[in-house]
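>>> compute the structure for the input listed below.
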Amino acid sequence: MSRFLLLLAVLLLSACATAPPPSPQRLAECTKLFGLWARYEQHWTFHHTGQRARAELALDACQHGRYDEGIAELKRLLRRGGFTIAD
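Purely as a prediction, here's the structure:
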C-alpha cells in the first residue's frame, strides 16, 4: 500500500513539473494570428461554424504554454479562410 502511495505521489509531482517555460515571442505570435483571424473572418453572430470556438481554444492553448498546438490550429483556420500563412 505504501509503495502505491509513493508511486502515486511521484507521478503527481512529475505531472505538475512538466509545464513548458513561458515564451513571450510565441505567445505574441499566437495573439497576432488570433487577432488576424478575428478581424477578417466571417461575422461571428451570423455564421455558426465552430471556428470561433476552435480559435478561442487555440488562443487558450497558447496561454497555457501549448504554443505548437495553438499556433498550428490558428494557421489552419486562417488557411481555410483563404490566407497564405508561412510555416
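>>> could I get the buried residue list for the helix or strand where Leu77 lies?
Assessed by DSSP states H and E, Leu77 sits inside helix 67-80. Within helix 67-80, the residues that count as buried by 16 or more other CB atoms under 10 Å are Tyr67, Gly70, Ile71, Glu73, Leu74, Lys75, Leu77, Leu78. Any C-beta I mention is one placed from the backbone N, CA and C, and that applies to glycine too.
>>> nearest to Gln25, of those?
For the buried residues of helix 67-80, the minimum distance to Gln25 (CB to CB) is 9.3 Å, reached by Tyr67.
>>> the longest helix along the chain packs against which elements?
Ordering each helix of the chain by length in residues (DSSP state H) puts helix 24-40 first. Secondary-structure packing of helix 24-40 (3 or more CB pairs under 8 Å, 6 or more residues apart in numbering; DSSP states H and E): helix 51-63, helix 67-80.
>>> just want the angle from that helix to helix 51-63.
Angle between the axes of helix 24-40 and helix 51-63 is 170 degrees (criterion: axes from the mean of the first three to the mean of the last three CA atoms, to 10 degrees).
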